[in-house]
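[1] Pasted the sequence and its predicted model underneath.
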Amino acid sequence: MAKVLDGVLEARAGAGRVFVHQAFDSGHLLRRLDGVEGRHDRELRFGRLVEWDVSREGVAAVEQVGPAQTLVRVLTPDLAIRGTHPLQVWGNPTVIAHGRTAWVFFQPRQPAPVDGSVGLPWGETGQLSVVEFDLGGGFMFQAPQPRDLGPYTQWFLNEDNRLRRLVDQEGPSGNDPAPSVGAPGCTVVLGQFSSNKPMFQNRHHDFRPWQVLCLIDPGGVVRPTVREPGRSWLHQVVLHNGRWFTSSSAGLEADTADGRTKLVMPRPRAGALRWVPAGGQIYAVGTDQVSPARGWSVGIFNQRSHTLEFLMGKQSATLAGHLTSRHRWERPRLVVDGDSIWMTMLDAGRSRLVHVTPSGAREVHRTPGMFEPVVRVPSGLLCLHRPGDTTGAA
């Protein structure tokens, strides 16, 4: 029976080990576990750790030290500090560690909320930058220079005239950066627009949106592609083993062998769909309605027929987490395990753990409170559990 670790916010696997982020009144800890008995052999203390990622070559972590002031720490797999670099960041950054390269995507100035009073949809306008770090070299004494990717605008559902939380699946938003699968880089979509705004007036006219897809390779190579109006709007871009898969306002799309794009599954009008790559397979996870969240399903992409095969779903249950939320702590509770995935759904006041494989899906565990799979270890599945959390409340 494995020991219980208290105060764990996140856990991730990399470099053949499991790393955990723990939060206490005295500060935050990043620890590397030695086995699965709850012991750790390395640790590093932070004031407040806001985002991090791990690969086989090391760890990249962002520590909050003041309002909009952070430190990016580049660490070895043993959690020794190889470099510390100040960075001005507004909001939550995105950290991607992929091989020996780490990227930190961030907004260098405070984004501005916008709405119909200024002639724009309900959203936020800002700027997105990225800085690249080498996880596999020696000590880093000089900080790399950030690169400006351009305007970064997101459009949200207006839930209560206050929140900007759920990305509008009909709109041309920017999306979160994501690593490529089977390729060394990462992808990000920028939401951009033009308008006429006369001097001394605060209202936009002739609003015209578009999106820019950026492919980012190690070494600072950025390859942008503009997507004009008239096509479906991108909400997810996955390069999986040399083939493009996208989730758009139209639904799930995949490139076929002849280079064409095929609509694999239409998006539910009020819902959302996302691809989940796992080893040599790629799955599709969907929700029937995003606000309030209702219904869920999972299927697998048949690479011969270019069709989606339904595996499991339930209209009266919901996913644990959210497919369209901008907040990291509301991400879907799922983890990749080889060619399979483990995911949590909420049903009848309980968390239900589902194991999805190419041959089908089955429920393997249910429990009160929030339950989150983390990583497969030799003795079983490592999970986060908060029994006191009312499932689905937050």
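    Structure received. Numbering: from 1, shown residues only.
[2] Please count neighbours and contacts with C-alpha atoms only from this point.
    Fine.
[3] for this protein, which spans come out with low pLDDT?
    Judged by pLDDT under 70, the chain has its weakly predicted residues at 1-3, 35-38, 140-141, 390-394.
[4] With just CA atoms, put stretch 362-381 into CSV.
    Included here for stretch 362-381 are C-alpha records, laid out as CSV according to Å, rounded to 0.1, in the frame of the first residue of the first chain:
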residue,chain,number,x,y,z
ARG,A,362,-14.4,0.4,-18.9
GLU,A,363,-14.9,1.9,-15.5
VAL,A,364,-12.3,0.7,-13.0
HIS,A,365,-12.9,2.8,-9.8
ARG,A,366,-15.4,5.1,-8.2
THR,A,367,-15.0,7.3,-5.1
PRO,A,368,-16.5,10.4,-3.5
GLY,A,369,-14.7,13.7,-4.1
MET,A,370,-12.3,14.8,-6.8
PHE,A,371,-10.2,12.0,-8.2
GLU,A,372,-7.5,12.6,-10.8
PRO,A,373,-5.2,10.0,-12.5
VAL,A,374,-1.6,11.2,-12.7
VAL,A,375,0.8,8.5,-14.1
ARG,A,376,1.3,4.8,-14.5
VAL,A,377,3.9,3.4,-12.2
PRO,A,378,5.2,-0.3,-11.9
SER,A,379,2.8,-1.0,-9.0
GLY,A,380,-0.3,0.6,-10.5
LEU,A,381,-1.7,4.0,-11.2
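[5] and the nearest residue to D134 once chain neighbours are set aside, how many neighbours?
    Excluding its sequence neighbours, the residue lying closest to D134 (Cα to Cα, 6 or more residues apart in numbering) is T101, at 4.9 Å. T101 is surrounded by 23 other residues when neighbours are defined as other Cα atoms under 10 Å.
[6] now T101: how far from L163?
    Taking Cα to Cα, to the nearest Å as the measure, T101 falls 35 Å from L163.
[7] Kindly report the same for P179.
    P179 is 28 Å from L163, where distance means Cα to Cα.
[8] What residues of stretch 267-283 count as buried?
    Residues of stretch 267-283 classed as buried by neighbour count (16 or more other Cα atoms under 10 Å): 267-268, 270-279, 281-283.
[9] correction: stretch 208-227
    Residues of stretch 208-227 classed as buried under the neighbour-count rule (16+ other Cα under 10 Å) are 209-218, 222, 224, 227.
[10] What are the boundaries of the strands in the stretch 51-200 of the chain?
    Using DSSP state E, counting those that start in this stretch, the strands assigned to the stretch 51-200 of the chain run over residues 58-66, 69-75, 81-88, 90-98, 101-107, 112-114, 123-134, 147-155, 178-179, 186-196.
[11] For F24, find the nearest of these.
    Taking Cα to Cα as the measure, those were each checked against F24, and strand 58-66 came out nearest at 15.0 Å.
[12] tilt between that closest one and strand 90-98?
    Taking axes from the mean of the first three to the mean of the last three Cα atoms, to 10 degrees, one finds strand 58-66 and strand 90-98 inclined to each other by 170 degrees.
[13] Centre of the chain to strand 58-66, how far?
    Put simply, strand 58-66 sits 17 Å off its chain's centre (Cα atoms, centre = their mean, to the nearest Å).
[14] And for stretch 45-59?
    Between the centre of stretch 45-59 and the centre of its chain there are 16 Å (Cα atoms, centre = their mean).
[15] Start at 254, not 1
    With 254 as the first residue, the last one maps to stretch 298-312.
[16] Would you mind measuring the gap between the ends of it?
    Chord length of stretch 298-312, first to last residue, is 14 Å (Cα to Cα).
[17] can you pull the buried residues of it?
    By neighbour count on 16+ other Cα under 10 Å, the buried set for stretch 298-312 is 299, 301-312.
[18] can you list the residues that contact that stretch?
    Counting by Cα atoms under 8 Å, 6 or more residues apart in numbering, stretch 298-312 makes contact with 265-269, 280-283, 313-318, 327-332, 345-353, 388-389, all of which sit outside it.
[19] what number of residues lie near R584?
    Other residues near R584 come to 15 when the count uses other Cα under 10 Å.
[20] residues contacting the closest residue to it other than its chain neighbours?
    Nearest in space to R584, with sequence neighbours left out and distances taken as Cα to Cα, 6+ apart, is G574 at 4.9 Å. The contact partners of G574, taken as Cα under 8 Å, 6+ apart, are 582-586.
[21] which of these lies closest to R292?
    Taking Cα to Cα as the measure, R292 lies nearest R586 of those, at 24.6 Å.
[22] I'd say that closest one and L576 touch.
    No. R586 is beyond contact range of L576, at 9.8 Å (criterion: Cα atoms under 8 Å).
[23] how much space between F409 and R484?
    Taking Cα to Cα as the measure, F409 falls 19 Å from R484.
[24] Comparing these two, which residue is more hemmed in?
    Under the neighbour definition other Cα under 10 Å, F409 and R484 were set side by side, and F409 has more, 22 against 11.
[25] Just the element for the closest residue in space to E481 that isn't next to it in sequence, please.
    Computed as Cα to Cα, 6+ apart, the closest residue to E481 that is not its neighbour in sequence is W463, at 5.1 Å. Using DSSP states H and E, W463 sits in strand 458-470.
[26] before we move on, back to that, for P432 and L416, indicate the residue with more neighbours.
    Regarding P432 and L416, a neighbour count based on other Cα under 10 Å identifies P432 as having more, with 22 against 12.
[27] The closest residue in space to that one that isn't next to it in sequence: neighbour count?
    Of all residues not flanking P432 in the chain, C439 sits nearest, at 4.1 Å (Cα to Cα, 6+ apart). A count of nearby residues for C439, using other Cα under 10 Å, gives 23.
[28] Likewise for Y405?
    Using other Cα under 10 Å, Y405 has 23 neighbouring residues.
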